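S.K.: Turn this into a structure:
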Amino acid sequence: MIDLYTFTTPNGRKPAIMLEEVGLAYNSIKIDIKKGDQFSPEFVAINPNSKIPAIVDQDTGITVFESGAILIYLAEKTGQLLPSEPANRIKVIEWLMFQMASVGPMFGQLSHFRNYAPEKIPYAIERYEKETLRLFGVLDGELAKQEFIAGDYSIADIATYPWVAAYEYLGVTLDNHPNLKRWVETMKNRPAVQKGMAVLAE
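M.R.: Below you'll find the model as predicted:
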């Protein structure tokens, strides 16, 4: 049994999708980041960085924080969605790191400055929107060559989808990126993705 400490954010949905895909039993434990639950001593003991998501594997006693690390851990635990062959494995890890280092931070900054910043700063919005659209283009180029980001369906797709799926909230469109748009529809129709995206839905 996996205890999943999470919230309804793109990062929080990644491990829920993964758990649904690989068929592991799990408990969803709400960490309401709007109320500051992530700073409680109990959660800090699980993740010293006070960020969701995190998991505790009750079968092994292993605790994992950082969404990318969680996806790798669950892939290795189940032998699913991360190839064992070196060339294919590193390709998936490359695109997972691309999501962690570029897609999440840049999309997150665009969301912050467009939707949450107390002052609308045109320079910041323009900067992060431009970078978001550039990253859309990178993904679109890969998806022109294959159905999924790293070839076969993998943790790279699971990591990236919740962020790209929020494009309307980010105030951007997929209309100029047809391959990415096709991939979003493919992902959206997967039952495990639908269940994972609905984690903690009221």
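S.K.: So what does R89 look like in phi/psi?
M.R.: phi -60, psi -50 (degrees, to the nearest 10).
S.K.: just to confirm, which helix or strand has the residue nearest to it when sequence neighbours are not counted in it?
M.R.: Spatial nearest neighbour of R89, chain neighbours left out: P83 (4.7 Å); criterion: CB to CB, 6 or more residues apart in numbering. To be clear about C-beta, it is placed using only N, CA and C from the backbone, and glycine gets the same treatment. Using DSSP states H and E, P83 falls within no helix or strand.
S.K.: Now for P83: which residues touch it?
M.R.: R89, V92, D152, S154 (CB atoms under 8 Å, 6 or more residues apart in numbering).
S.K.: Can you report how many residues neighbour the last one?
M.R.: Neighbour count for S154, taken as other CB atoms under 10 Å: 24.
S.K.: show me what contacts it?
M.R.: So S154 contacts L81, L82, P83, V92, W95, F148 (CB under 8 Å, 6+ apart).
S.K.: Need those in TSV (columns: distance to E21 and pLDDT).
M.R.: Shown next, in TSV, are the contacts of S154 (distance: CB to CB, whole Å; pLDDT from 0 to 100):
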residue	distance to E21	pLDDT
L81	6	98
L82	12	98
P83	15	98
V92	14	98
W95	17	98
F148	13	98
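S.K.: a strand runs through Y5, doesn't it?
M.R.: Yes - when classified by DSSP: H, G, I helix; E, B strand; the rest coil, Y5 is found to be part of a strand.
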